[in-house]
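Asks: Sequence and predicted structure are below.
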Amino acid sequence: MSECGETARTRVGKYEFGRVIGQGSFAKVRLARNTQTGEHFAIKVLNKERILKDKMVEQIKREICTMRLVRHPNIVQLGEVMASKTKIYFVLEYVTGGELFNKIAQQRKLKEDDARKYFQQLINAVDYCHSRGVYHRDLKPENLLLDSKGNLKISDFGLSALSQQVKEDGLLHTTCGTPNYVAPEVIIDKGYDGAKADLWSCGVILFVLMAGYLPFDEPNIMALYKKIYKADFTCPNWFSPGARKLILSILEPNPNNRITIPEILENSWFKKGYVPVKFQEEKDTNLDDIDAVFCDSVDHLVAGKKELKGTKPSLMNAFDLISLSKGLNLSGLFERKQSVKQEVHFTSKYPATEIITKMEESAKPLGFNVKRRDYKMRLQGSETGRKGHLSIATEVFEVSPSLFVVEMKKAGGDTLEYNKFYKNFSTALKDIVWTSEVDQPEG
């Protein structure tokens with residue numbers, strides 16, 4: 001690669017880093033390959049300086065501790081934790097099926113049997129978390145992933161709480177979570193039971209799976225909180241009586257009257273086709289690496305090779321192409337019809353410089369500020385949307401000297417606003433997009 005002037009891959013310990021597959025305020029998630037076994041992982045990369053500056057050390061330690069405690073088939077697994085002088089790395093199970101949110105957005109709403117299957121897996125995993133003294137506190141479809149077999153996996157324990165955080169009154173007191181999914185007792189900020197608050201979020205998720213929209217959704221935050229506090233919502237007429245009754249018993253604003261997980265497990269609607277997951281529970285949990293990630297001793301630090309910057313786009317090799325495709329079928333990589341998703345790709349036979357310039361010129365009239373560095377661009381919406389400013393990360397990769405793949409992903413803001421932007425943006429880029437003969441419309 002260096003002979004051609006492309007960017008060299010980053011290596012940290014035994015892991016070879018690939019493309020960025022997720023990005024948040026405090027971390028990036030990168031696809032990586034274990035060079036010893038060839039296995040793929042998702043590695044969450046956190047900036048140590050930022051963590052120390054924002055006084056997040058205890059939160060990061062808690063997240064590591066939490067993921068060490070909850071080893072369940074329906075929860076994304078933490079393999080190991082590493083640290084360099086400047087970064088912390090969470091080596092996570094690589095889940096290939098995408099977010100459950102995207103499945104809902106594509107299908108509008110799920111069939112009741114499909115919704116029930118996901119809800120059963122969700123309750124099974126949440127019940128296990130609670131048995132280990134762990135409360136997630138940010139359950140929502142965006143934090144529920146699907147594996148290659150369509151099984152649900154809970155992710156992102158960054159806002160989780162442990163039973164040790166419970167105050168003398170037996171309650172948690174930190175207000176957190178996503179407003180549309182948060183329980184009424186969390187809003188009033190007088191203390192809440194973490195298990196009951198998680199269960200409320202599960203009820204909202206079940207409603208969204210079956211309805212295709214939120215039970216509580218108002219542009220004004222105070223109006224939204226009033227609806228949540230009163231449980232002011234209506235089930236659509238296609239809900240079966242059993243599903244309707246269960247949802248109403250979960251979305252009960254008084255936590256003392258809310259149904260419990262043991263009661264849900266005995267509910268007739270819930271039990272239909274229910275097969276509890278079987279797995280070997282680990283008795284001993286190793287927590288040695290929790291303090292080690294903030295230790296400056298050379299013995300605890302992992303060596304990393306910095307990425308070399310070149311003047312050409314990064315090379316997208318077979319490793320990256322396979323990670324983008326479903327299995328080994330590359331026909332799904334170059335999609336002619338883009339469905340609702342947070343990450344899209346298209347191909348072009350135009351020179352990389354022309355592609356990136358065309359993208360920059362097309363984004364500005366749509367109201368986006370552009371930050372460009374070589375063949376990477378960050379597009380920042382100038383207007384504040386439903387979830388803040390829409391932010392999009394793009395990069396041009398070289399597949400061969402005459403073929404390039406452009407990756408676009410939502411880095412911040414609302415997913416539906418992102419998809420509206422993408423429709424306008426893709427129209428402006430249609431002249432540079434290449435479609436293979438296989439994907440050409442008939443006629």
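Replies: That came through fine.
Asks: Quick check: residue 19 touching residue 396?
Replies: No - counting by CB atoms under 8 Å, residue 19 sits too far from residue 396 to count as a contact (11.8 Å). The C-beta positions use only the backbone N, C-alpha and C, and glycine is treated the same way.
Asks: quick one, which of the two is more surrounded?
Replies: Neighbours of residue 19 and residue 396, each counted by other CB atoms under 10 Å, are more numerous for residue 396; the result is 24 against 18.
Asks: The one helix or strand the more buried one maps to - contacts with which helices or strands?
Replies: Secondary-structure element containing residue 396, defined by DSSP states H and E: strand 388-400. Using 3 or more CB pairs under 8 Å, 6 or more residues apart in numbering; DSSP states H and E as the contact test, the elements touching strand 388-400 are strand 15-23, strand 314-315, helix 352-363, strand 376-385, strand 403-412, helix 415-428.
Asks: Next, the buried residues of stretch 376-383.
Replies: Neighbour-count burial for stretch 376-383, counted by 16 or more other CB atoms under 10 Å, picks out 376, 377, 378, 379, 380, 381.
Asks: Can I get those in CSV including distance to residue 232?
Replies: Shown next, in CSV, are these (distance: CB to CB, whole Å):
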residue, distance to residue 232
376, 45
377, 43
378, 39
379, 37
380, 36
381, 31
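Asks: closest to residue 113 among these?
Replies: Nearest to residue 113, judged by CB to CB, of those is residue 381 at 38.9 Å.
Asks: isn't that closest one right next to residue 370, touching?
Replies: No - contact status for residue 381 versus residue 370: not in contact, 11.1 Å apart, counting by CB under 8 Å.
Asks: Of all the helices and strands packed on strand 388-400, which one comes closest to residue 202?
Replies: When the helices and strands packed on strand 388-400 are ranked by distance to residue 202, counting by CB to CB, first place goes to helix 415-428 at 20.9 Å.
Asks: okay, the closest one in PDB with CA atoms only?
Replies: C-alpha atoms of helix 415-428 as PDB (Å, rounded to 0.1, in the frame of the first residue of the first chain):
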ATOM      1  CA  THR A 415     -32.300   9.800  11.200                       C
ATOM      2  CA  LEU A 416     -35.400  10.700   9.200                       C
ATOM      3  CA  GLU A 417     -34.000  14.200   8.600                       C
ATOM      4  CA  TYR A 418     -30.800  12.500   7.400                       C
ATOM      5  CA  ASN A 419     -32.700  10.400   4.900                       C
ATOM      6  CA  LYS A 420     -34.600  13.400   3.600                       C
ATOM      7  CA  PHE A 421     -31.200  15.100   3.100                       C
ATOM      8  CA  TYR A 422     -29.800  12.000   1.300                       C
ATOM      9  CA  LYS A 423     -32.600  12.000  -1.200                       C
ATOM     10  CA  ASN A 424     -31.900  15.600  -2.200                       C
ATOM     11  CA  PHE A 425     -28.100  15.000  -2.100                       C
ATOM     12  CA  SER A 426     -28.200  11.800  -4.200                       C
ATOM     13  CA  THR A 427     -30.200  13.600  -6.800                       C
ATOM     14  CA  ALA A 428     -27.500  16.200  -7.100                       C
END
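Asks: Give me the three-state assignment for the closest residue to residue 209 other than its chain neighbours.
Replies: By the measure of CB to CB, 6 or more residues apart in numbering, the closest residue to residue 209 outside its immediate chain neighbours is residue 115, 3.9 Å from it. Reduced to three states with DSSP: H, G, I helix; E, B strand; the rest coil, the structure at residue 115 is helix.
Asks: Contact partners for residue 115?
Replies: Shown in contact with residue 115 (CB atoms under 8 Å, 6 or more residues apart in numbering): 206, 209, 210, 243.
Asks: a strand runs through residue 106, doesn't it?
Replies: No - secondary structure of residue 106 (three-state DSSP): helix, not part of a strand.
Asks: Now do stretch 46-56: distance from first to last residue.
Replies: 11 Å (CA to CA, to the nearest Å).
Asks: how about the buried residues of stretch 376-383 in a markdown table, adding pLDDT and distance to residue 345?
Replies: A markdown table is the format used below for the buried residues of stretch 376-383 (pLDDT from 0 to 100; distance: CB to CB, whole Å):
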| residue | pLDDT | distance to residue 345 |
| --- | --- | --- |
| 376 | 86 | 15 |
| 377 | 87 | 15 |
| 378 | 89 | 17 |
| 379 | 89 | 16 |
| 380 | 88 | 21 |
| 381 | 86 | 21 |
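Asks: Nearest to residue 238 among those residues?
Replies: Ranking those by separation from residue 238, with CB to CB as the measure, puts residue 381 on top at 35.4 Å.
Asks: if I look at the closest residue to the closest one other than its chain neighbours, how far off is residue 63?
Replies: The shortest distance from residue 381 to any residue that is not its chain neighbour, by CB to CB, 6+ apart, is 3.8 Å, and that residue is residue 390. Counting by CB to CB, to the nearest Å, the gap from residue 390 to residue 63 is 27 Å.
Asks: Please say which of these two ends up with more neighbours.
Replies: Neighbours per residue, other CB under 10 Å: of residue 390 and residue 63, the larger number sits with residue 390, 25 against 22.
Asks: pLDDT value on the more buried one, please?
Replies: At residue 390, the model reports a pLDDT of 87.
Asks: Show me the shaky parts of the stretch 101-250 of the chain.
Replies: When the per-residue scores of the stretch 101-250 of the chain are filtered using pLDDT under 70, the ranges that remain are 162-177.
Asks: Next, please give the residue ranges for the helices of it.
Replies: Using DSSP state H, counting those that start in this stretch, the helices found in the stretch 101-250 of the chain span residues 112-131, 184-187, 194-211, 221-230, 241-250.
Asks: Residue 257: which of those is closest?
Replies: With distances scored as CB to CB, the stretch of those nearest to residue 257 is helix 241-250 (8.7 Å).
Asks: Many thanks, have a good one.
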